[in-house]
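*Asks:* Kindly return the folded structure for what I paste below:
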Amino acid sequence: MILTGLIVGGLLGLVLQRGRFCITGAFRDLWVSGSWRWMTAFLLAVAVQAVGVVMLTATGTIAPEVPTLSVVATAVGSLLFGVGIVLAGGCATGTYYRAGEGLVGSWFALVAYALTAAASKTGVLAPVTTWVKGLWTTELTTLPATVGLPDWTGVLVLAAAVALLVRWQRRLAAAKPAPLQLTPQRTGLNHLLFERAWNPLVTGALVGLVAIIAWPASWASGRPDGLGITTPSSNLVGLLVTGDYDRLDWGVLLVLGILIGSHLSARAAGEFRVRVPSATVIRRSIAGGVLMGVGAAWAGGCSIGNALVQTSLLSWQGWTALVFQVLGVGASAYVTLIRPRNRRRAARATAASPAPEHAGESAGALVAS
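*Replies:* I've put the predicted structure just below:
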């Protein structure tokens, strides 16, 4: 049954690659351009999954266990992770699917992320992770449970809020002029899948549906969880280094499937190309991957395990992680993107501004004297 991980991963890789679905971009746009377009798509994926999970739980198909909140580990780890995904140029799944497209910088980020996650979860850095997780622990599980309500009430609130966001984004899109369309070179399903640009909201809904499918598929394999990237990446490292086939589970095949699916999708769309970045970008990608691995291990999840999956369970850990990941992305985006952009704008404005009139008068006075 673990082979279904490869299938689900391949499907997810296709959706991510063709839909250009990157959580880093969704979070970064909030700070750089103030756009909620991709953030709405991301929250739609969370809401769709939340509805599916509450239904699967009600039918007894799955019985997710929600972790208790470790405040310092979740907050600091998620902040580090948020900083890291900007430096790496992609979140956990974004790094996988971009590696499948041929981005060499993502290859370096992915290796650094997987190695550091393994070191932080089960290797030489594991004692540090254990210490951080024990700094401030609580008994908090889900947000609705905190106020004595069943989880399905929280799902209704989440779904209603996201529906309003979707309506708002659709109105904004309708008010804009339609983008120019190039003459299609393909027809039928080939055109729809591998040539036409995907709508972000459709992509978000599809990610949510794949996340729902992942729950019973993973559960049937003996892995009681949904989508996850960090632990499977850590297990993949352990498998490759030690040859311990006990680490080969549904999650490992999931991440391999994402890599394969995104690669095949990029090939089919004519978008695969090996792109070698500068040494500076490679160093930044490695640094980002290290922060991603450490941060995800401390926080108990990455942009998928926490920000997408745990949020759909309405867990305190998931929503705390989401907030601090967004803050981490904002801090990193300010240093690497926003501040340099503002400085360039200020320099251009200074260069374009006319010289003060009194400066000319002073010069004339000097000549006359």
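*Asks:* Do me a favour and average the pLDDT over the helix or strand containing Val207.
*Replies:* Taking DSSP states H and E as the criterion, Val207 maps to helix 200-220. The average pLDDT within helix 200-220 is 97.
*Asks:* Low-confidence stretches in this structure?
*Replies:* 355-369 (pLDDT under 70).
*Asks:* residues of stretch 128-135 that come out buried?
*Replies:* Buried residues in stretch 128-135, counted by 16 or more other CB atoms under 10 Å: Thr129, Val132, Lys133. For every residue, glycine as well, the C-beta is placed using N, CA and C.
*Asks:* The first one: which element?
*Replies:* Taking DSSP H and E as the criterion, the element that holds Thr129 is helix 126-133.
*Asks:* can you map out the helices along the stretch 101-250 of the chain?
*Replies:* 104-121, 126-133, 143-146, 151-175, 188-194, 200-220, 230-242, 250-268 (DSSP state H, counting those that start in this stretch).
*Asks:* now swap in the stretch 251-369 of the chain and tell me
*Replies:* For the stretch 251-369 of the chain, the helices defined by DSSP H, counting those that start in this stretch occupy 279-299, 311-312, 316-333, 339-352, 357-368.
*Asks:* helices or strands next to the shortest one in the packing?
*Replies:* Contact partners of helix 311-312 among helices and strands, from 3 or more CB pairs under 8 Å, 6 or more residues apart in numbering; DSSP states H and E: helix 37-58, helix 316-333.
*Asks:* picking up where we left off before, and the helices of the stretch 101-250 of the chain: which comes nearest Gly25?
*Replies:* The closest of those to Gly25 is helix 200-220. By CB to CB, the value is 10.1 Å.
*Asks:* quick one on the thing from earlier: so what's the gap between the helix holding Val207 and the chain middle?
*Replies:* 15 Å (CA atoms, centre = their mean, to the nearest Å).
*Asks:* do the same with stretch 79-94
*Replies:* The chain centroid and the centroid of stretch 79-94 are separated by 7 Å, computed with CA atoms, centre = their mean.
*Asks:* cool, stretch 190-207 as well?
*Replies:* Relative to its parent chain, stretch 190-207 has a centroid offset of 18 Å by CA atoms, centre = their mean.
*Asks:* Flag every buried residue along it.
*Replies:* Going by neighbour count (16+ other CB under 10 Å), the buried part of stretch 190-207 is Phe194, Glu195, Trp198, Pro200, Leu201, Thr203, Gly204, Ala205, Leu206, Val207.
*Asks:* can you pull the alpha-carbon coordinates of it into PDB?
*Replies:* Output in PDB follows, covering the C-alpha atoms of stretch 190-207 (Å, rounded to 0.1, in the frame of the first residue of the first chain):
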ATOM      1  CA  ASN A 190      -2.900  18.700 -23.600                       C
ATOM      2  CA  HIS A 191      -3.700  22.400 -23.900                       C
ATOM      3  CA  LEU A 192      -5.600  22.600 -20.600                       C
ATOM      4  CA  LEU A 193      -3.000  20.700 -18.600                       C
ATOM      5  CA  PHE A 194       0.400  21.700 -20.100                       C
ATOM      6  CA  GLU A 195      -0.100  25.000 -21.900                       C
ATOM      7  CA  ARG A 196      -2.800  27.100 -20.500                       C
ATOM      8  CA  ALA A 197      -2.000  29.000 -17.300                       C
ATOM      9  CA  TRP A 198      -3.900  27.600 -14.300                       C
ATOM     10  CA  ASN A 199      -6.100  29.800 -12.100                       C
ATOM     11  CA  PRO A 200      -4.700  30.100  -8.600                       C
ATOM     12  CA  LEU A 201      -8.000  29.400  -6.900                       C
ATOM     13  CA  VAL A 202      -8.400  26.200  -9.000                       C
ATOM     14  CA  THR A 203      -4.900  25.200  -8.100                       C
ATOM     15  CA  GLY A 204      -5.500  25.800  -4.400                       C
ATOM     16  CA  ALA A 205      -8.700  23.700  -4.500                       C
ATOM     17  CA  LEU A 206      -6.800  20.900  -6.200                       C
ATOM     18  CA  VAL A 207      -4.000  21.000  -3.600                       C
END
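*Asks:* Count the residues that sit near Leu322.
*Replies:* Leu322 has 23 neighbours, counted by other CB atoms under 10 Å.
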